[in-house]
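Undergrad: just the structure for this:
(2 chains)
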Protein chains: 2
Amino acid sequence: MTAIRHALTVKREDDFAQWYQEVVSAADMAEESGVRGCMVIKPWGFGIWERMQALMDRRIKAAGVQNAYFPLFIPLSNFVREAEHVEGFAKEMAVVTHHRLIADGKGGLMPDPEAQLEEPLIVRPTSETIIGDAMSRWIQSWRDLPLMLNQWANVVRWEMRTRMFLRTSEFLWQEGHTAHETREDAMAETLRALEMYRAFAEDDAAIPVIVGEKPANERFPGAVATFSIEAMMQDGKALQAGTSHYLGTSFADAASIRFQDREGGQQLCHTTSWGVSTRMVGAMIMTHGDDDGLRVPPALAPFQVVILPMLRENEGDAALLAYCDELHAQLLAQSAFGEPLRVLLDKKPGKAAAKRWDWVRKGAPLIVEVGPRDMENGKVAVLRRDRLWNDAAKPDFAFTLRDEFAGQASDLLADVQQALYNEARERREANIVTGIDSLEALKAFFAEDKRYPGWAEVQWARPEGEGLDKVVEQLKALKLTFRNVPLDAAPADGTCLFTGQPAVERIYVARAY
Amino acid sequence: MTAIRHALTVKREDDFAQWYQEVVSAADMAEESGVRGCMVIKPWGFGIWERMQALMDRRIKAAGVQNAYFPLFIPLSNFVREAEHVEGFAKEMAVVTHHRLIADGKGGLMPDPEAQLEEPLIVRPTSETIIGDAMSRWIQSWRDLPLMLNQWANVVRWEMRTRMFLRTSEFLWQEGHTAHETREDAMAETLRALEMYRAFAEDDAAIPVIVGEKPANERFPGAVATFSIEAMMQDGKALQAGTSHYLGTSFADAASIRFQDREGGQQLCHTTSWGVSTRMVGAMIMTHGDDDGLRVPPALAPFQVVILPMLRENEGDAALLAYCDELHAQLLAQSAFGEPLRVLLDKKPGKAAAKRWDWVRKGAPLIVEVGPRDMENGKVAVLRRDRLWNDAAKPDFAFTLRDEFAGQASDLLADVQQALYNEARERREANIVTGIDSLEALKAFFAEDKRYPGWAEVQWARPEGEGLDKVVEQLKALKLTFRNVPLDAAPADGTCLFTGQPAVERIYVARAY
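TA: Residues are numbered from 1 along each chain as shown, chains lettered A, B, ... in the order given. Just a heads-up that it's a prediction; the model follows:
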């Protein structure tokens, strides 16, 4: 077999941002659409998102949350009512003003001035307000609670600077919105969603995350508490991979979500919301990609095993294909992660080495090449994508008996999944510094000339109001942000880095996406 | 058990349109959203659409078609280029003209005049043009063919008169778009998609359909041939439940989808497109609903079995719930239609009779009531929704041993599925008239005072051009349309109803949604 490498042109250590763009393109994940800020998600990229959806949706349904679908358009007046949200994030939005096109008399088309909407419609940047409206209609009594809804949808937030999957004007997400009788119930649901995100990130996406609460300055507007899962990318930056909010009764108050309680009185509901988006695909790329392209965790891979027959376009091909068909059938009868294996027998015309590299760049977990000699020996050549190029001289194929491989494939995939997780976890552990006890030391750790410094776990006194604002400004000057206060952190035992007062908790500080 | 009926207030035979609206509401399927022309799809309605999606998606993937995702917005200039499509259906569209809101100085918000888009964006009414663009980039050589793409998406076509699921400004659908080397390949794919729709409609949705080709006047603009599946609703009207188009090379020509052929020359691709939408939910309601509400075919039901413990809010409830929990677990271990059973143990507070009627109106296929006496006898009371009220005096519960029922549930569900299909099929057969050989006879069959006349299968000479236009006008005057020319029809053996010439084929004529 040829050992020519067709790796990426940019290495992670040289230019991580450029490397990211190259992976997205080389792995055939997505491309620019020609529509400002909107991407085309290509089949391999969308297949990974579909897997994320399927695995998350199963967890959502298992919790008794029901999916529903709300309109794409939201009347302008809803945003006036929720002015607080507008301040927070919703100024840059796509505004629909007309409902008809007519000829412009110059061979083109234009919005018909006769068909201007009385009230402009906003393309949803979130469905918060419109779901709140529905909840206020659907909830009458405590018997209707909890009401737990989720929506899978496209949303639009006009963005000037976009990066595929990480920040696009249109993106895909799920948004959970739930209403409860009591604070306790709502907080329990907030934490359930958070734990669901942790399990999804770690078990399905093989991305280790820190589970914690955001400091006050990073809370969702109107929330009483905001929690997040935070993942470390290979450039040491943090990526918030999911958030869960306990909104108290303020959102219910704004949307009039009231119920008759068990004693006959009127009460406001306690609500929560939580969401995960196609950003998660970006997190997956930046966690698992290497200098040859993407590596997809088997639980998320649209195809977990790709069989590549080394076709010669001669009369030997028929027997080779029959040999591969049998392997294909053997594998389809196996299952991994509780589902039947997803296996592609790639019969497309083309040179075997080029096709192999396509799948290496796309990151299929197991690539199985079968040439005429392998067939004669009853064997196959198995390439584990996670371990590729430990020896740079040649791909580390394992030549295995075909029937043996078929029986081992599930175990191999579980092993790949675990190996990717372990690698990311070890990298994260190696790149978190503790014990920083002064702003100077923090500044040094995140010095400009250090490429990928990682995260600092610091202790602080959790100042509030202006005290917090001042600290946030100090961090901002260093291009740093608070990530979260880990739920499972050891108690504070030092002094606050910022105020010199006794620390009350530990919090992560990092550059972030 | 109480035998009080909580049926609908309107019967099908009295006012079908009103009955439809009542079912949508009483079965908790959807509601008006307050946004013009857009509905909220409630959990039960959306759960049915999710089932449709899952079952169709499996068929789509099995055919080697790949899902992808394209932008919500389409630049205005794309529509100018595709002026033919604009003429056809796309004038009424949502037009985005601004990307920011600002305060209007009067306590409200308004589109920011400074943030007007240079080129307006259209909310996709279909993704035809934008997917064509992508195909022209992705296809270089015959090796890239076939390229078979599908998208699940929301689309918007501004509608003045809307009806839930049947015609809404925003709706959900899948659109398949494929490109091929030859006419033969493209036509084979067109017919594969058509057969997929037939199998989905009949096997999954229990809706019998006529599979056929549309006459020239009903073709998709630019298509060489348009095929459809047509279903008869209970008011005798036809509903086109899915279409599949062979587009020849005209669409490829407009979008520059070219490939290098095996001899090195440049060729235009042959393309197809095919789609099914949330209209299918409307078709399901109008095929299977009865005067008590909806009846959902088990393959589509979000919950196939609903267990209703008759709780008394006393100390006996714990034992009853334990008894039901055991049944729940027994049922979850069974499967139907190749998937684990979907079972709800409904523990919500409320009166048993009221809850039963909720599920009757929603159309859960099997409703299982369990009272303290049933528990003592090791039994359950099983209500088959498809057969409800054959004896109007009382619900036809079958009292069955619990453990026996658990073992029979899968078979019962298969039986319900088949029974719903048979009922619809028999009704359709009884409401198709053949042998009509004059316009007068056609007029009489569809006389104004006949409520639900059904369909006429007529013979015609398939006139073209002006001849066809004249015939279509004649039908229009009678509020009739051509449905399709069935693929499996007997050869023509009479004279053309419209022209008096020898007929060349049979075609269905009906009122339609």
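
Undergrad: domains in chain A, by residue range?
TA: Listed by automatic domain parsing, the domain ranges of chain A are A:16-96+A:124-288, A:305-423, A:433-510.

Undergrad: of those, which is nearest B:Arg384?
TA: Among the domains of chain A, domain A:16-96+A:124-288 comes nearest to B:Arg384, with 25.0 Å by C-beta to C-beta. In this view, the C-beta of every residue, glycine as well, is placed from N, C-alpha and C.

Undergrad: could you tell me the end-to-end distance of the closest one?
TA: Using C-alpha to C-alpha, to the nearest Å, the end-to-end distance of domain A:16-96+A:124-288 comes to 13 Å.

Undergrad: next one: that domain to chain centre, how far?
TA: Here the centre of domain A:16-96+A:124-288 is set off from its chain's centre by 11 Å, with C-alpha atoms, centre = their mean, to the nearest Å.

Undergrad: picking that back up, mean neighbour count, the domains of chain A: which tops it?
TA: Sort the domains of chain A by mean neighbour count, taking mean count of other C-beta atoms under 10 Å in any protein chain shown, and domain A:16-96+A:124-288 sits at the top with a mean of 21.

Undergrad: please identify which of the domains of chain A is closest to chain B.
TA: Nearest of the domains of chain A to chain B, taken as C-beta to the nearest C-beta: domain A:16-96+A:124-288 at 3.6 Å.

Undergrad: find the nearest non-adjacent residue to A:Gly212, please.
TA: Among residues not flanking A:Gly212 along the chain, A:Asn484 sits closest, at 3.2 Å (C-beta to C-beta, 6 or more residues apart in numbering or on different chains).

Undergrad: so the one you found is in contact with A:Ser228, correct?
TA: Yes: the criterion here is C-beta atoms under 8 Å, and A:Asn484 meets it with A:Ser228 at 5.2 Å.

Undergrad: picking that back up, could I get the domains of chain A as a markdown table with mean pLDDT?
TA: Compiled in a markdown table, these are given as follows (pLDDT from 0 to 100):
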| stretch | mean pLDDT |
| --- | --- |
| domain A:16-96+A:124-288 | 95 |
| domain A:305-423 | 92 |
| domain A:433-510 | 95 |
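
Undergrad: out of the ones you listed, which comes closest to B:Met135?
TA: Closest approach to B:Met135 among the domains of chain A (C-beta to C-beta): domain A:16-96+A:124-288, 11.0 Å.

Undergrad: quick check: which of the domains of chain A is nearest to B:Ala252?
TA: B:Ala252 sits nearest to domain A:16-96+A:124-288 of all those, at 18.6 Å, using C-beta to C-beta.

Undergrad: which stretches of chain A form helices?
TA: Secondary structure of chain A (DSSP state H): helices at A:16-26, A:43-62, A:76-81, A:83-88, A:128-138, A:183-199, A:250-255, A:279-288, A:317-332, A:352-362, A:372-376, A:402-430, A:439-445, A:465-477.

Undergrad: want to throw these into JSON lines with distance to B:Gly105?
TA: Converted to JSON lines, the helices of chain A look like this (distance: least, C-beta to C-beta, whole Å):
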{"stretch": "helix A:16-26", "distance to B:Gly105": "41"}
{"stretch": "helix A:43-62", "distance to B:Gly105": "42"}
{"stretch": "helix A:76-81", "distance to B:Gly105": "13"}
{"stretch": "helix A:83-88", "distance to B:Gly105": "14"}
{"stretch": "helix A:128-138", "distance to B:Gly105": "23"}
{"stretch": "helix A:183-199", "distance to B:Gly105": "38"}
{"stretch": "helix A:250-255", "distance to B:Gly105": "23"}
{"stretch": "helix A:279-288", "distance to B:Gly105": "36"}
{"stretch": "helix A:317-332", "distance to B:Gly105": "65"}
{"stretch": "helix A:352-362", "distance to B:Gly105": "53"}
{"stretch": "helix A:372-376", "distance to B:Gly105": "75"}
{"stretch": "helix A:402-430", "distance to B:Gly105": "50"}
{"stretch": "helix A:439-445", "distance to B:Gly105": "44"}
{"stretch": "helix A:465-477", "distance to B:Gly105": "29"}
